[in-house]
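> model this:
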Amino acid sequence: MKRSTLICGLTLFVALSAPTAAFGMGKPRVAALQIGLQAKGLYAGTIDGAWGPGTDRAVRRLQRRARIQVDGVAGRRTRYALGRYGRHRYGSRILRPGLVGWDVSQTQFLLAWHGFPSGSLDGAFGARTEAAVRRFQRWARLSVDGAPGPATLRALRGPVPSTPLRFAWPISLGPTDRFGPRGNRFHTGIDFPAGHGARVGAAGRGRVVVAGWDSGGYGNLVVVRHRLGATTWYAHLSSISVSRGARVVAGSRIGSVGATGFATGPHLHFELRVRGAATDPLTALG
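Residues are numbered from 1 along each chain as shown. Purely as a prediction, here's the structure:
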């Protein structure tokens, strides 16, 4: 391949991209490409925004199918080969239910990393994506209309939520499943492997605001409210050792590891939320 061709393709790809990825996450434009490739049946990996061998192979397969130059570069012709999944750059239109496109894919990816996942990362603006937009707009103190226009899209380019607070580990074991993309969905916490009945400690000082059964898949759930709008979530517990309204400190026993709710085996699912936005707990665990 000629060097000039490569430079031209890369320049075009960068020019058509949108926001810069925040620390810890992949590039939204690569995530949009992966979503389009997945819709075409060419990519079965995780929608993580990271350009790896799987994404490269899928791009080349698309190029062969479209009978265009096979160079592994996601330039204009390659994007057009994705059909509606490769069209409409980020910020080029106001999104609404029923739309499909490159801009929808990037928006879904950014919503997830800002703590408001919309279910499947599929490039289609449906009811769940609209609901996630509304939650983000409320969190960002914007006009809540469910239609991500310029103000919402600018806010999604900003830093992901975080907290200056530091927390203790609820279990001494390290996590096996971390915060971030999982297939074409998003994992909003971290999972700690532990045997059934293992002790779970509070991550910090606060007040218990939820202690009971959650019908949405968390099973036995405890939520502790801390300072500065932070809450910690402890899910899939086999038993709960605290009641709503109780005050706890770091290390206070709040329950035991289990496999309740949608869990497939015993583990602790632990979340950190900042004013309702899920954020990576590892950034705050001491």
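> and the nearest residue to residue 247 once chain neighbours are set aside, how many residues sit next to it?
Distance criterion C-beta to C-beta, 6 or more residues apart in numbering; nearest residue to residue 247, sequence neighbours excluded, is residue 207 at 5.5 Å. Quick note: C-beta positions are derived from backbone N, CA and C, even for glycine. Residue 207 has 13 neighbours, counted by other C-beta atoms under 10 Å.
> for residue 207, give me the pLDDT.
On the pLDDT scale, residue 207 is placed at 98.
> and for residue 286?
So, for residue 286, pLDDT stands at 79.
> setting aside sequence neighbours, what's the nearest residue to it?
Spatially, and ignoring its direct neighbours in sequence, residue 286 is nearest to residue 166 (4.7 Å; C-beta to C-beta, 6+ apart).
> can you pull the phi and psi angles for the one you found?
Phi and psi for residue 166, reported as degrees, to the nearest 10, are phi -120, psi 140.
> quick check: can you list the domain ranges of the chain?
3-156, 180-283 (automatic domain parsing).
> how much space is there between the residue nearest to residue 286 and residue 207?
In this structure, residue 166 and residue 207 are 18 Å apart, going by C-beta to C-beta, to the nearest Å.
> now the strands for the stretch 51-200 of the chain?
For the stretch 51-200 of the chain, the strands defined by DSSP state E, counting those that start in this stretch occupy 180-182, 185-187, 190-193, 199-201.
> and residue 92, how far from residue 133?
17 Å.
> ugh, wrong one, I meant residue 177
Per C-beta to C-beta, residue 177 is found 27 Å from residue 133.
> those two - which one has more neighbours?
More crowded of residue 177 and residue 133, by other C-beta under 10 Å: residue 133, with 25 against 14.
> contacts for stretch 87-105?
If you take C-beta atoms under 8 Å, 6 or more residues apart in numbering as the criterion, stretch 87-105 is touched by 16-19, 28-29, 31-32, 35-36, 79-80, 82, 84-86, 106-107, 121-127, 129-130, 133, 147-150, 153.
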